[in-house]
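S.K.: What follows is a predicted protein model with its sequence.
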Amino acid sequence: MERVIRASQAELDAAVAALSAGELVAFPTETVYGLGADAANPDAVRQVFALKGRPATHPVIVHVADAGQLSRWVRAVTPEAQQLAEAFWPGPLTLVLPRAAGVHDVVTGGQETVAVRVPSHPMALQLLQAFGGGIAAPSANRYGRLSATQAAHVRDEFGDAVNVVLDGGECPVGLESTIVSCEPGRLRLLRPGSITLGQLRAVVGDVQVGADASSPRVPGSTLAHYSPQTPMQRVPGEQLAARVAALCAGGQRVAVLALRAPPLARPDVIWMTAGLGHEAYAHDLYATLRTLDKAGCAVILVQEVPGDERWDAVRDRLVRAAAREATDGGTLPTFSVGELP
């Protein structure tokens, strides 16, 4: 079981003081670590974009302490959004809704919608309650790279550029939140997460899958994202051993993330076994890829994961992580549950 860690009063005071002064604070959520700024301070939020190297057109998620704060950020809450909030908040669900007057373009990426959620990590809630306002926070890593799921990952990414890093241990979920766009009578799942399509539909009925031409831009929607610096390839399980052997025969050192143990040990292969549990795989994914990224290998081979919807979030991240070598941007086509490209 994960150890629940709460911030000391001194840590909390330092974080609130930093946010109030327009500075950045890294903090844990149940999904990944966030790089946070006062969402009502556009200059502070611009610092997040500058430090990450994040394009200005990419919106950030506003984190709030409870649903009662929505009126500060959202113009109108649809009945379906209200149902989802009641079912899954606090938790790893982000709702995209019409933005309220006064929400700055830097938060929304210039769109008329705002992404908002109530996280469930006790330290994140401590911070939000003590600060008393919204915290705009994308993942605490350089843009397009592997998300941070431990405080040490944040320090590896940014060093002394972030003075306050709240250490809440490992993030319990390990993958970014599910994102749902909520228009009247029309819900769309725009990013899969640990809350699955089936769970959403059990609460609100019909939920469409993937973006269309009118959908808002949301975090993590570019084709190439969540990427290690080492080139990464997805490989069907039945082809994995042959691919490893061919690369090693060519003199390359290879890293592997697989569902099962290797058929035989090789000195030129770093093999990590993730197992068949989707929750454990998701929890460990970014930390595992960070380890393999530092192994000095020519390539990271990742065995393709199962096709059912419990694996959709993992599959989405692996697709995007492997896309960096082939593209500079763009967005994924609409996906079918259990059949992400």
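M.R.: Thanks, I have the structure now.
S.K.: Run through the bridge partners of the nearest residue to Ser20 once chain neighbours are set aside.
M.R.: Of all residues not flanking Ser20 in the chain, Asp38 sits nearest, at 7.1 Å (C-beta to C-beta, 6 or more residues apart in numbering). All C-beta spots, glycine's among them, are computed from the backbone N, C-alpha and C. Per DSSP bridges, the residues bridged to Asp38 are Ile135.
S.K.: do Ile270 as well
M.R.: With DSSP bridges as the rule, Ile270 is bridged to Ala255.
S.K.: My guess is it contacts Lys294. True?
M.R.: No: the criterion here is C-beta atoms under 8 Å, and Ile270 misses it with Lys294 at 9.9 Å.
S.K.: who's more crowded, those two?
M.R.: Taking other C-beta atoms under 10 Å, Ile270 and Lys294 do not tie; Ile270 has more neighbours (18 against 14).
S.K.: Check what pLDDT that one gets.
M.R.: In this model, Ile270 is scored at 96, pLDDT.
S.K.: Look up how far His278 lies from it.
M.R.: Between Ile270 and His278 the computed distance is 23 Å (C-beta to C-beta, to the nearest Å).
S.K.: ok, now Ala65?
M.R.: According to C-beta to C-beta, Ala65 stands 30 Å off from His278.
S.K.: re earlier: could you count how many residues lie near the residue nearest to Ser20?
M.R.: By other C-beta under 10 Å, neighbour count at Asp38 equals 22.
S.K.: Going forward, the N-terminal residue is numbered 51.
M.R.: Sounds good: first residue 51 from here, last item Asp88.
S.K.: Enumerate every residue touching it.
M.R.: Residues near Asp88 by C-beta atoms under 8 Å, 6 or more residues apart in numbering: Leu69, Ser70, Gly72, Ala94, Val95, Phe181, Gly183, Gly184, Ile185, Ala186.
S.K.: Show me what secondary structure element comes after the helix or strand hosting Ala332.
M.R.: Assigned by DSSP states H and E, Ala332 belongs to helix 328-343. Proceeding N to C from helix 328-343, the next assigned helix or strand is strand 349-353, under DSSP H and E.
S.K.: Alpha carbons only: can I get that next one in CSV?
M.R.: Output in CSV follows, covering the C-alpha atoms of strand 349-353 (Å, rounded to 0.1, in the frame of the first residue of the first chain):
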residue,chain,number,x,y,z
VAL,A,349,16.6,2.0,-28.6
ILE,A,350,13.8,1.1,-26.1
LEU,A,351,11.5,-1.7,-27.3
VAL,A,352,8.2,-1.8,-25.6
GLN,A,353,5.9,-4.8,-26.0
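S.K.: So what's the gap between the helix or strand following that strand and the chain middle?
M.R.: Sequence order places helix 362-371 as the next helix or strand after strand 349-353, per DSSP H and E. Mean C-alpha position of helix 362-371 versus that of the full chain (C-alpha atoms, centre = their mean, to the nearest Å) differs by 11 Å.
S.K.: quick one: average pLDDT of helix 362-371?
M.R.: If you average the pLDDT values across helix 362-371, you get 96.
S.K.: now the angle from that helix to strand 349-353?
M.R.: 150 degrees (axes from the mean of the first three to the mean of the last three C-alpha atoms, to 10 degrees).
S.K.: any idea how far Ala324 is from Arg241?
M.R.: Where Ala324 is concerned, Arg241 sits at a distance of 22 Å (C-beta to C-beta).
S.K.: ok, those two, which is more surrounded?
M.R.: Between Arg241 and Ala324, Arg241 has the larger neighbour count (other C-beta under 10 Å), namely 25 against 20.
S.K.: Beta-bridge partners for that one, please?
M.R.: Legend: beta-bridge partners of Arg241 under DSSP bridges are Ile229.
S.K.: List the contacts of it.
M.R.: Contacts for Arg241 (C-beta under 8 Å, 6+ apart) come out as Thr144, Glu226, Ser227, Thr228, Ile229, Val268, Pro269, Gly270, Ser271, Asp366.
S.K.: From Ala150, how far out is the spatially closest residue to Val114 that is not a sequence neighbour?
M.R.: Of all residues beyond its chain neighbours, the one nearest Val114 is Gly184 (5.2 Å), with distances taken as C-beta to C-beta, 6+ apart. When distance is defined by C-beta to C-beta, Gly184 is 11 Å away from Ala150.
S.K.: Mutual contacts of these two, please.
M.R.: Common neighbours of Gly184 and Ala150, using C-beta under 8 Å, 6+ apart, are Arg122, Trp123.
S.K.: All good on my end, thank you.
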